[in-house]
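*Asks:* predicted model and sequence below, questions to follow.
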Amino acid sequence: MAPLRDSYTLPAAADMHVHLRNAPGPIASLVTPTIRRAGIDTVFVMPNLAPRPVVSVAEARAYRDALQALDSRVNYLMSLYLHESITVDEIRRAKEAGIYGVKAYPRGATTNSQWGVVSFEPFHEVLKAMEEEGIVLNLHGERPSSAAEGVTVMNAEARFLPVLKELVEKYPRLKIVLEHCTTADAVEAVRSLGENVVGTITAHHLSLLVDDWSANVHHYCKPSAKSPEDRRTLLNAVVTSNGKFFLGTDSAPHDITAKKGKGNTAAGVFTQPYALGYVLTALEEAVARGDIPESSVTEDALRGFFSDYGRRFYGLPPATQQIRLTRGGAKIEESLKGDDVEVVPFRAGEETWGVEWL
């Protein structure tokens, strides 16, 4: 099975949704140096740290400094966590400090969302300031699961979409990213809205289905993978993006004890070191299944999804370095081990695409 070329030379990639955990810290020390291994030079860093999320400019700066100490070759785009303590003045300071977005987590929807949003009404002035300053609103687009309201992991994203549309109507110039789209409904919603609304798509959602994560703790994430029809729509969105969708891996490292220990399984799939290879493999598998035509996997489509579209939306210049991706040039480790931590990567043990910086 080899419908794709054996190698691609592309601009360095930008991953517009990553979790690197607390820095300094053992997991951040383990995973941050793997960013460039994937062919990525720019990452948009999530602020949902524990025991305290990133809610101020000072905290975001300190976090960025700590990450740069781990690998100064990466461009870290920082964000704040939408929290009741954030003021309009802090948004103005965030703009001056080069902070690119504010992440909104529905309270209780995912990892470290206990400080998240119940309603957007109390944030009206903050959202207006973000609209004025050009700071992006990054949405975890799910409603929290509720048996009483009939919300489960399978329909949580679709049930959130009316909130997205209400925000667009109320703040028509606000730049919005619907993060980690997993459903055909989400793709359709993003396509139906203006150019200030885009979506990110992960590497793992291009491969996984509901049956995969329900049988493997290392495939469990929020939002969860859905149906074959949803996956097919995501794959088509990648190769026909035209700027509406770009890479945001939502790579989420957890120590193996949080994935396999007692109690609830931590939500998150770790894809950072091999992100681009995972996408190419998923596209190749999709062509073999007939989900997308072979002719749709063009160099322009890959260049846009991996690098150009995300940078353009966030107002960044194009990449200045290039990478070469080569079929079969790497093998995914069974696990990555650091200082008393162990993280299992997606598709551990499989062959994948190698990355060379040019």
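*Replies:* Perfect, I can see it now. All values reported here derive from a predicted model rather than from experimental measurement.
*Asks:* ok, residue 74 to residue 61 distance?
*Replies:* Taking Cβ to Cβ, to the nearest Å as the measure, residue 74 falls 16 Å from residue 61. Heads up, the C-betas are built off the backbone N, CA and C, glycines and all.
*Asks:* those two: which has the busier surroundings?
*Replies:* residue 74 (21 against 15; other Cβ atoms under 10 Å).
*Asks:* for the nearest residue to residue 152 once chain neighbours are set aside, phi and psi?
*Replies:* Counting by Cβ to Cβ, 6 or more residues apart in numbering, residue 152 lies nearest to residue 145, which is 5.7 Å off, once chain neighbours are set aside. With angles defined as degrees, to the nearest 10, residue 145 sits at phi -60, psi 140.
*Asks:* let me see the contact set for residue 145.
*Replies:* Residues near residue 145 by Cβ atoms under 8 Å, 6 or more residues apart in numbering: 109, 151, 152, 153, 156.
*Asks:* identify the farthest-apart pair in the residues you listed.
*Replies:* Maximum pairwise distance among those (Cβ to Cβ): 12.1 Å, between 109 and 152.
*Asks:* which of the two has more residues huddled nearby?
*Replies:* residue 109 (23 against 13).
*Asks:* before we move on, the earlier item: name the nearest of the contacts of residue 145 relative to residue 101.
*Replies:* Proximity of the contacts of residue 145 to residue 101 (Cβ to Cβ) peaks at residue 109, which lies at 17.8 Å.
*Asks:* any idea of the pLDDT on that closest one?
*Replies:* pLDDT for residue 109: 64.
*Asks:* which residue ranges form the helices in this protein?
*Replies:* Here the chain has its helices, by DSSP state H, at 26-31, 57-70, 88-96, 124-133, 156-170, 184-192, 210-214, 228-239, 256-260, 275-289, 299-303, 309-313.
*Asks:* tell me the helices and strands packed up against the fifth one.
*Replies:* Other helices and strands packing on helix 156-170, by 3 or more Cβ pairs under 8 Å, 6 or more residues apart in numbering; DSSP states H and E, are strand 136-139, strand 176-178, helix 184-192.
*Asks:* does residue 266 touch residue 253 like I think?
*Replies:* No. Residue 266 sits out of contact with residue 253 when judged by Cβ atoms under 8 Å, with a separation of 9.7 Å.
*Asks:* more crowded one of these two?
*Replies:* More crowded of residue 266 and residue 253, by other Cβ under 10 Å: residue 253, with 28 against 20.
*Asks:* can you say which of the helices of the chain is nearest to residue 331?
*Replies:* helix 275-289 (10.5 Å).
*Asks:* can you mark which positions in the closest one are buried?
*Replies:* Buried positions in helix 275-289, judged by neighbour count with 16 or more other Cβ atoms under 10 Å: 275-287.
*Asks:* just stretch 126-142 next, same as before
*Replies:* Applying 16+ other Cβ under 10 Å to stretch 126-142 flags 126-131, 135-142 as buried.
*Asks:* next one: that stretch to chain centre, how far?
*Replies:* Offset of stretch 126-142 from its chain centre (Cα atoms, centre = their mean, to the nearest Å): 17 Å.
*Asks:* got the CA coordinates for stretch 175-186 in CSV?
*Replies:* What follows is stretch 175-186 as a C-alpha-only set of coordinates in CSV (Å, rounded to 0.1, in the frame of the first residue of the first chain):
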residue,chain,number,x,y,z
LYS,A,175,-11.3,35.3,15.7
ILE,A,176,-12.4,31.8,16.8
VAL,A,177,-10.8,28.4,16.6
LEU,A,178,-13.0,25.3,17.1
GLU,A,179,-10.4,23.0,18.5
HIS,A,180,-9.9,19.3,17.6
CYS,A,181,-13.0,18.8,15.4
THR,A,182,-14.2,15.2,15.5
THR,A,183,-17.6,15.3,13.7
ALA,A,184,-19.1,16.0,10.3
ASP,A,185,-21.4,18.4,12.1
ALA,A,186,-18.4,20.4,13.4
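*Asks:* what's the pLDDT at the closest residue to residue 303 other than its chain neighbours?
*Replies:* Sequence neighbours aside, residue 10 is the residue nearest to residue 303 in space, at 5.5 Å (criterion: Cβ to Cβ, 6+ apart). Residue 10 is assigned a pLDDT of 98 by the prediction.
*Asks:* now do the one 4 residues further on
*Replies:* Looking at residue 14, its pLDDT reads 98.
*Asks:* then residue 264?
*Replies:* Residue 264 carries a pLDDT value of 78.
*Asks:* related to what we said a few turns ago, please produce TSV containing the helices and strands packed on helix 156-170, extended by mean pLDDT.
*Replies:* Output for the helices and strands packed on helix 156-170, formatted as TSV (pLDDT from 0 to 100):
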stretch	mean pLDDT
strand 136-139	98
strand 176-178	98
helix 184-192	98
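*Asks:* with distance to residue 344 added, can I get these in TSV?
*Replies:* Output for the helices and strands packed on helix 156-170, formatted as TSV (distance: least, Cβ to Cβ, whole Å):
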stretch	distance to residue 344
strand 136-139	26
strand 176-178	28
helix 184-192	27
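*Asks:* residue 47: neighbour count?
*Replies:* 24.
*Asks:* look up the closest residue to it, ignoring the ones flanking it.
*Replies:* In space, and not counting its chain neighbours, residue 47 is closest to residue 54: 3.6 Å by Cβ to Cβ, 6+ apart.
*Asks:* please tell me how far that neighbour sits from residue 166.
*Replies:* Going from residue 54 to residue 166 by Cβ to Cβ gives 26 Å.
*Asks:* quick one: which of the two has more around it?
*Replies:* Neighbours of residue 54 and residue 166, each counted by other Cβ under 10 Å, are more numerous for residue 54; the result is 24 against 11.
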